[in-house]
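*Asks:* fold the stuff below for me.
(one chain, ligands or ions: 2)
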Amino acid sequence: MNVDNYADVKTENLKEEILRLKKERNAVILGHYYQKGEIQDLADFIGDSLALAQIATKLTQPVVVMCGVHFMGETVKILCPEKTVLVPDLNAGCSLADSCRPEEFKEFIDAHPGHTVISYVNTSAAVKALTDIVVTSSNAKAVVDTLPHDEKIIFGPDRNLGNYINSVTGRDMLVWDGACHVHEQFSIEKLVELKKQHPAAKVLAHPECKKALLILADVVGSTAALLKYAKESGDKEFIVATESGILHQMRKECPDKTFIPLPPDDSSCACNDCNFMKLNTLEKLRDCLRDMSPAIEVDETIIDRARQPIVRMLELSK
Ligand code: 13P
Ligand code: SF4
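*Replies:* Ligands and ions are numbered 1, 2, ... in the order given. As a prediction, the model looks like this:
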């Protein structure tokens, strides 16, 4: 048996083991678009942050494995506290969520009384507990549009998404100064070069990217929105400015189209990976189903306070 065959057999065995354990545990596997392709292919449901939260409310299984990052597991736990919510690697955090500590966010809110607090879903449960309405990149504009134009709003934690929503809604929300280390790193110079090399290519960008990049984009949207555009448009070539995991689904669903990942600054790498998202592996997925650990735990009082703003988002997104 050559090395490649050995690796293939090992992967196939792992997948079989995961499917067997999933059945034994009566579990369901959710996966975000930034996961490794092999995990996306094994998941029962894949989606962006909004779709995964929506799916969570409809699940009947007692065990949910969230293949994504910690805040995504917390969102499922908050919506379904009676379920066991497993994550393959508890260290799969989020630099954006980490850029907004609950104590500091509370001080910011207290310093600006009379504001409605909107938090991006990429936040800890403790920050959600300080929030009036949660949003994702899919629904942030629509949710903000439901509020009276003179309503005073605090938006946290992503400055790029917040400033983008300010620009498309004509608002003047107070924006927390946080960011995602993946989306802030895309190279504008490389984008300009790629646009010259591929003049027909459409630029697809996630709103967590910097303003200078968003100005050059043809489409700005959540991972699901970018995938939808790629599938439905007549264009054949796309430069993709978001985490590289989405390319797996884009190439799978649009085999006749070309997707070019935008590289980060100062790097010889061709694409931009979220090191947190990529901590999850098939081995760790198997292990968490086998050991029923690590599981997400959220303090009951935090669950009670954080559920309302998430439910409000889900209601506004129907
Ligand atoms: P989506 O809301 O598009 O799934 O994005 C989640 C995320 O972590 C972006 O970095
Ligand atoms: Fe967080 Fe950025 Fe990774 Fe998304 S890509 S999970 S925002 S660190």
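
*Asks:* any part of whichever strand or helix holds Val117 near ligand 1?
*Replies:* Taking DSSP states H and E as the definition, one finds Val117 inside strand 116-120. No - Strand 116-120 stays clear of ligand 1 (C-beta under 6 Å from any ligand atom), getting no nearer than 8.5 Å. C-betas here are computed from N, CA, C, even on glycine.

*Asks:* other SSEs contacting the helix or strand following that strand?
*Replies:* The helix or strand immediately downstream of strand 116-120 is helix 125-128, counting by DSSP H and E. If you count contacts as 3 or more C-beta pairs under 8 Å, 6 or more residues apart in numbering; DSSP states H and E, helix 125-128 packs onto helix 70-79, helix 102-111, helix 300-316.

*Asks:* for the ones you listed, which one sits closest to His248?
*Replies:* helix 70-79 (17.7 Å; C-beta to C-beta).

*Asks:* can you check the pLDDT for the closest residue to Glu151 other than its chain neighbours?
*Replies:* Leaving aside its sequence neighbours, Glu151 sits nearest to Thr116 (C-beta to C-beta, 6 or more residues apart in numbering; 5.7 Å). pLDDT for Thr116: 98.

*Asks:* what's the answer for the one 5 residues further on, then?
*Replies:* You'll see Val121 listed with a pLDDT of 97.

*Asks:* now Asp4
*Replies:* 68.

*Asks:* ditto for the one 3 residues further on
*Replies:* Taken from the predicted model, the pLDDT recorded for Ala7 is 82.

*Asks:* for it, give its distance to Asn13.
*Replies:* Ala7 sits at a distance of 11 Å from Asn13 (criterion: C-beta to C-beta, to the nearest Å).

*Asks:* which residue is nearest the middle of this structure?
*Replies:* Nearest residue to the geometric centre of the chain (C-alpha atoms, centre = their mean): Ser49, 4.8 Å.

*Asks:* which residues does that residue contact?
*Replies:* Each residue near Ser49 by C-beta atoms under 8 Å, 6 or more residues apart in numbering is listed here: 32, 72, 75, 121-122, 136-138, 222.

*Asks:* output these as TSV; include the columns distance to Leu42.
*Replies:* As requested, the contacts of Ser49 are exported to TSV (distance: C-beta to C-beta, whole Å):
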residue	distance to Leu42
His32	13
Met72	17
Thr75	21
Val121	24
Asn122	24
Thr136	24
Ser137	25
Ser138	24
Ser222	23
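
*Asks:* same list, those, but only the ones touching ligand 1.
*Replies:* Answer for the contacts of Ser49 near ligand 1 (C-beta under 6 Å from any ligand atom): 122, 136-138, 222.

*Asks:* what's around Pro263, how many residues?
*Replies:* 22 (other C-beta atoms under 10 Å).

*Asks:* the strands in the chain, which residues?
*Replies:* 27-32, 45-47, 63-67, 84-86, 116-120, 133-135, 153-156, 174-175, 202-205, 219-220, 237-241, 258-261 (DSSP state E).
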